[in-house]
Every structure is written in structure tokens, then in C-alpha cells.
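S.K.: Give me a 3D structure for the following:
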Amino acid sequence: MYRSVNEFMDTVVARNPGEKEFHQAIREVIESLWDFLQEHPRYMHSKILERIVEPERVLMFRVPWTNDRGEVEVNRGFRVEFNSAIGPYKGGLRFHPSVNLGILKFLGFEQVFKNSLTTLPMGGGKGGSDFDPKGKSDNEVMRFCQSFMTELQRHIGPDTDVPAGDIGVGGREIGFLFGQYKRLRNEFTGVLTGKALNWGGSLVRPEATGYGTVYFAKEVLATRDESLEGKTVAISGSGNVAQHATEKVIELGGKVVTLSDSNGSIYDPDGIDTEKLEYIMHLKNVERGRIKEYAAKYDVEYWENERPWKAKCDVALPCATQNEINADEAQTLIDNGCFCVTEGANMPSEPGAIDIYLENKILYGPGKAANAGGVSVSGLEMSQNSMRINWTREEVDTRLQNIMRDIHGQCVKYGEDGEFVNYMRGANIAGFIKVADSMLDQGVV
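M.R.: Residues are numbered from 1 along each chain as shown. Got it, this is the predicted structure:
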């Protein structure tokens, strides 16, 4: 048995060299679990830790496709099928130049615990490619997706592995991927989630991650008799999650003052209202433009090549990507009055930032709990596909709110420490117990 977290991490790093995001994700979970594991040694004796950090299956394949100039291009495709102890593998596909095996292993590992927290029967997985859809024509994206799915279809299915969208994979890409799967397999099944409504999608799925993050923030704030009404909120990103988080914050009476993309951030002290949000959605979803254009249109500050965390706010919702808040930025947030950070992205806070949140005992909702809304409604989409029915918008939204409330309750149950709730520890322990107990029930497999 391992005597310390560091001793265990030494073996993980040695077996997975160079995969720093994967190491970071594992360390965060193991540090949260360590005292719990000492009190429940059966998990250590059964080598659950060694088993749970090792993917059940890793797929890597080439993806050749032809661009509009008739030239052949080659990308890498991946699918990390991490853990199926509580259900078929479930997790998004990411198309972005930064995609590599280490990042997908980190995302797949996080997905295992996130899916466990939803209470739905879903295992954890993640996949994608280093393909960049930005600047590509619809036909180029279609040809890439068809080539990607030609290989991936051998390994997925409604009872095996059900991918969804992620960064760079929206409704357009899901449509092209599903069309190719259907053509090759001659079957119409719920093999992908995030589908369009008229061919098997679920209402509220596009909004689910952003809405869920805000619903979780609402539950967290309520523990201090607070709400989003009248609060100033800083949000990063300007894609799907950020857009719908902004929409829900506005609906609940908060004022969103920032959004961002990879080139910089906008700061609008008057707040982004519904009309401004409609412009942003058209800019990002239709024109594929940059957030800088918002600053020019509405004559607000644009912080080039800067993240939004110097803005004064009560609540911060990081909704962009991993490691987007460092320790200095976390301290700046707190110095400027922020008392709640709820993560809409996967692992957006660096370890140093998390240490600062916990030291200052602010309300901190980690991504594996707070951004579980997307995969929750994906699970609800799977249920509707299996039953060949469609629930109303109100039914899906009510189920989503109940799931986020249940996730919050699990975090409080395992994270309470006097009057303070360590949501990170609570989320990690709650997610771990369900997966680990299922693995023990199923034997050494």
C-alpha cells in the first residue's frame, strides 16, 4: 500500500510521462480522497486507485481528409474509454489543435466522477482530434467528420460508448458525425448526444452546461442566504457554455460584466443584457467572429490577450478551458470582492488557485460538480432515445435542476467541515464511492 499521495503520484507520473494535465487531475482527486481512503482500507487493498487511474481502453487513429483545394490532410483521432463500471462510456469529442492524449485522459478521468455525481448510469470517456474547425468550410468539416467517424464507429454504440460535443464540436459537427454513423451501420440509434431536435435531440441540451453551472451556483449561494439577484458576475469564454450561463444569470437578476475568447476579454460595466447577448450569439455562432467586435460595437473596454479575472465581481464563472485561473488571478478575484467561484469548464483553476479559494474559505464549486449539467441532459437525451419519446422543455429543465440540487447535496454530505463546505473534497468522495463500489461488485475486470 502507498504511504502518501506523493508516493502514489510518483508511480502515476512514471507510467504516464509528460501528461501534466492528467497528473494534475489525478493529484487533485487523490489528495481529496486520501484521508477517506485511510478510513476505508478495503479500497486500497483491492487496488482501486491503481485501477481507477488506468483507462480501460485507449484508441488512437489517423484521420485523412481532403480540403477544398483537393489536398490531403492528416489529423489524429482519439477516444479514451476510461471507466464503464456504472454504465456505457459517456463524454464529449473535442476538435482543437491543443488536443493530445494527455489532455483527453485528464478529461476522461474527470468525466468518470462527474458522471457518477449525476446519479445517471453513465461511465466516463473522452475523445477528439487535433483538427481545427476554425476557418474551415462546411464541406471541409463534413469530410473530416466523415473520415473521423469511419474509424470511430467500430468502437461506439448506444450501449457501449455514447460521445457528445465539446470544444469545436457543436450541432454542425454532431450532425455530420451522426450521418456517417447511420450510413455505415444502417441503424438509427442514440449513439451521439447533442443531436438536433428534429432527429433525436433533447430540449435544453444546448443550454444545459451553462444553465447547470448557474443552478449549482444558486444552490451554493443559498448556503449563505445569498442569491444571484443584484450580484456582479464575471464569466470567461463566449461559446456555448458562457452564452447560456450569461442567459441564466440575467434571468435570475445578476449582472454579467465580462466575456472572453482566445484573443482577449471585454469588460462592460453596465452589464450584458438580453439584446447584447443576442448579438454575441450571432457573432460567435453564425459569423464566427471575435469578442473584440463586441467592444467596438458597444464602446466598452477590450483587454487584449488578457483574461477577465481583474474585473470586480461578486461571482466568477470560468466557462472557457482548463487552467484559465492561476494563483495570482485567484487572489485578485478575492481582493476585488469575489466570494464565489463556480466552474463551468473542466478544471479551469490551477492547483495554486484552488489553494487560495480554500484558504480564504470562499464558495468554490469545482467543475466535476458544477458543470455536470451538460452530461446530465445528455443522459436524459439517451433515456428519451431509448424510449422513443420527447419530454417538454419544462420537464427536462426541472429534471436538470433536480440533478444539480442532488449533486450539491452529495457535495455537502461528504464535504462538510464545521460551518465550511469543501465542495471539491465532497464532489471527489461522492463520485469515487459510487464508481469504486461498482468496481468491487464486478470483481477484478
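
S.K.: any chance you could map the helices in the stretch 151-300 of the chain?
M.R.: Here the stretch 151-300 of the chain has its helices, by DSSP state H, counting those that start in this stretch, at 171-185, 208-222, 240-251, 274-285, 292-298.

S.K.: and residue 309, which of those helices is closest to it?
M.R.: Judged by CB to CB, the one of the helices of the stretch 151-300 of the chain that comes nearest to residue 309 is helix 240-251, at 14.1 Å. Backbone N, C-alpha and C define where each C-beta goes, glycine included.

S.K.: Any idea how many residues pack against the closest residue to residue 361 other than its chain neighbours?
M.R.: Leaving aside its sequence neighbours, residue 361 sits nearest to residue 420 (CB to CB, 6 or more residues apart in numbering; 5.3 Å). The local packing of residue 420 (other CB atoms under 10 Å) involves 13 other residues.

S.K.: in the sheet, who's paired with residue 420?
M.R.: Beta bridges link residue 420 to residue 417, judged by DSSP bridges.

S.K.: just use 315 as the starting number from now, easier for me
M.R.: Renumbered: residue one is now 315, and that last one reads residue 734.

S.K.: hey, which helix or strand in the chain has the poorest pLDDT?
M.R.: strand 730-731 (a mean of 92; mean pLDDT, DSSP states H and E).

S.K.: quick one: that strand to chain centroid distance?
M.R.: Relative to its parent chain, strand 730-731 has a centroid offset of 25 Å by CA atoms, centre = their mean, to the nearest Å.

S.K.: Output the contacting helices and strands for that strand.
M.R.: If contacts are counted by 3 or more CB pairs under 8 Å, 6 or more residues apart in numbering; DSSP states H and E, strand 730-731 sits against no helix or strand.

S.K.: Now do the same for the residue nearest to residue 526 when sequence neighbours are not counted: its pLDDT.
M.R.: Leaving aside its sequence neighbours, residue 526 sits nearest to residue 687 (CB to CB, 6+ apart; 1.6 Å). Looking at residue 687, its pLDDT reads 96.

S.K.: for the one 3 residues further on, same thing?
M.R.: Listed pLDDT for residue 690 reads 97.

S.K.: Next: residue 555.
M.R.: Residue 555 is assigned a predicted lDDT (pLDDT) of 95.

S.K.: okay but it is in contact with residue 687, surely?
M.R.: No - with contact defined as CB atoms under 8 Å, residue 555 does not reach residue 687; the gap is 9.3 Å.

S.K.: Adding mean neighbour count and distance to residue 473 as columns, could you present the helices of the stretch 465-614 of the chain in CSV?
M.R.: Output for those, formatted as CSV (neighbours: other CB atoms under 10 Å; distance: least, CB to CB, whole Å):
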stretch, mean neighbour count, distance to residue 473
helix 485-499, 19, 13
helix 522-536, 26, 22
helix 554-565, 24, 27
helix 588-599, 15, 33
helix 606-612, 15, 44
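
S.K.: Please identify which of those helices is closest to residue 325.
M.R.: Closest among the helices of the stretch 465-614 of the chain, using CB to CB: helix 522-536, at 33.6 Å.

S.K.: All good on my end, thank you.
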